[in-house]
Every structure is written in C-alpha cells, then in structure tokens.
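[1] How does the following fold in three dimensions:
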Amino acid sequence: MLKLYQFRLSTLLLAATLVAMACIIMVTRLEVARLKASRTLPIANASPIPPDVVAASVEQHLASHPLPTSVNDVRYSINDDSFKVRYQWTDPTDGKQWSSDVTLKGDGYGEYTGCITNDKFLNAIQLQISPGGPTTGNVDRMWVGASTPSSLTDGG
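    From the prediction side, this is the model:
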C-alpha cells in the first residue's frame, strides 16, 4: 500500500510541474507577442522635443516676417531625426491662403534647423520697407529652428 501511495504522490507532483511549465510557457509567449507588437506601433513620445514647443519656436522665428504666419502641423520622423513643419500665411495682394512646409533636420546634439526657400513666402521680405529704406539684397532663404533644453539646468 505504501508504494501505491508514493506512486500517486509522484504522479501528482509530475502533473503539477507540467501544469506550471505550461503556464510559464504561455505567459512568456504572451509577453514576447506584446513586445513584438509594441515594437511595430508608432511611438507617440519618440519626439525629442514636444511638437507644440517646435511649433512655438518656429512661430517665434517667423514673427519677423511682415505677413502674419502660423504653424499648422508638426510631424517627427524617427528614421530621419527631423521635424516637418507646415506653416501658412495670407497674401494681402490677392487674399489667398498659402501654405508650405520646412524640414528641420537634427544635428545629433538637440538642434533642429531648416531653411525656408518658398519664393512666394520670401517675396514679402524682399518688398519690405525698413526705416532706413528698402531692404537691400536678394533674400533667398530664411532659417528657422528649434532645440532641446540644455541638460545644465543652472547654466553652469
């Protein structure tokens, strides 16, 4: 009778071990599937600078433009480490709403800069009259940018 009891106890331990291993394998597979799925989803917070900060920085650069200009959209590309910023303005001569975009490329150190080369947008700068007379020279580009905050909070 003793051997029969030991056999049943060992069988019970074996069955419990198999159930535990099956549970561990299932949990591991679920975790691997979750990690694979999260790797393929777009990462919402992958942008090194929040889009609203980029928009505010570009609008600050565009504040020197004679026409009121606003930023419509900011997108970040992880692959290119760049921001695509869409801006718009209204041409006072014809009343039409115009829009264009500029790509701010990262330098690897937290600075993102780009150059606006849209002729329609830059014509307003060329026609701008400054207090000392008309603007001289050919304005063929306008630099805009954004940067991440410094890691030195005190400035030193």
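[2] distance between the helix or strand harbouring Ser10 and the chain's centre?
    If you go by DSSP states H and E, Ser10 is part of helix 2-40. How far helix 2-40 lies from its chain's middle: 42 Å, per C-alpha atoms, centre = their mean, to the nearest Å.
[3] do the same with stretch 80-87
    Distance, centroid of stretch 80-87 to centroid of chain: 8 Å (C-alpha atoms, centre = their mean).
[4] which of the residues in that stretch are buried?
    82-83, 85-87 (16 or more other C-beta atoms under 10 Å). The C-beta positions use only the backbone N, C-alpha and C, and glycine is treated the same way.
[5] for the chain, which spans come out with low pLDDT?
    Residue ranges of the chain with pLDDT under 70: 1-7, 40-46, 126-139, 153-156.
[6] can you pull out the strands in it?
    With DSSP state E as the criterion, the chain has strands at 69-77, 82-90, 97-106, 111-116, 129-130, 133-134, 142-147.
[7] Tell me how the protein divides into domains.
    As given by automatic domain parsing, the domain ranges for the chain are 1-41, 51-147.
[8] Can you tell me which of these is most buried?
    domain 51-147 (a mean of 15; mean count of other C-beta atoms under 10 Å).
[9] Quote the end-to-end distance of that one.
    Domain 51-147 has an end-to-end distance of 12 Å (C-alpha to C-alpha, to the nearest Å).
[10] bridging residues for the nearest residue in space to Pro51 that is not next to it in sequence?
    Spatial nearest neighbour of Pro51, excluding adjacent residues (C-beta to C-beta, 6 or more residues apart in numbering): Val74 at 4.0 Å. Note on Val74: beta-bridge partners by DSSP bridges are Val85.
[11] Just to check, Val74 is in contact with Val53?
    No - judged on C-beta atoms under 8 Å, Val74 makes no contact with Val53 at a distance of 9.1 Å.
[12] got the buried residues of stretch 80-87 as JSON lines, with distance to Ile125 columns?
    Below are these laid out as JSON lines (distance: C-beta to C-beta, whole Å):
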{"residue": "Ser82", "distance to Ile125": "24"}
{"residue": "Phe83", "distance to Ile125": "23"}
{"residue": "Val85", "distance to Ile125": "18"}
{"residue": "Arg86", "distance to Ile125": "19"}
{"residue": "Tyr87", "distance to Ile125": "14"}
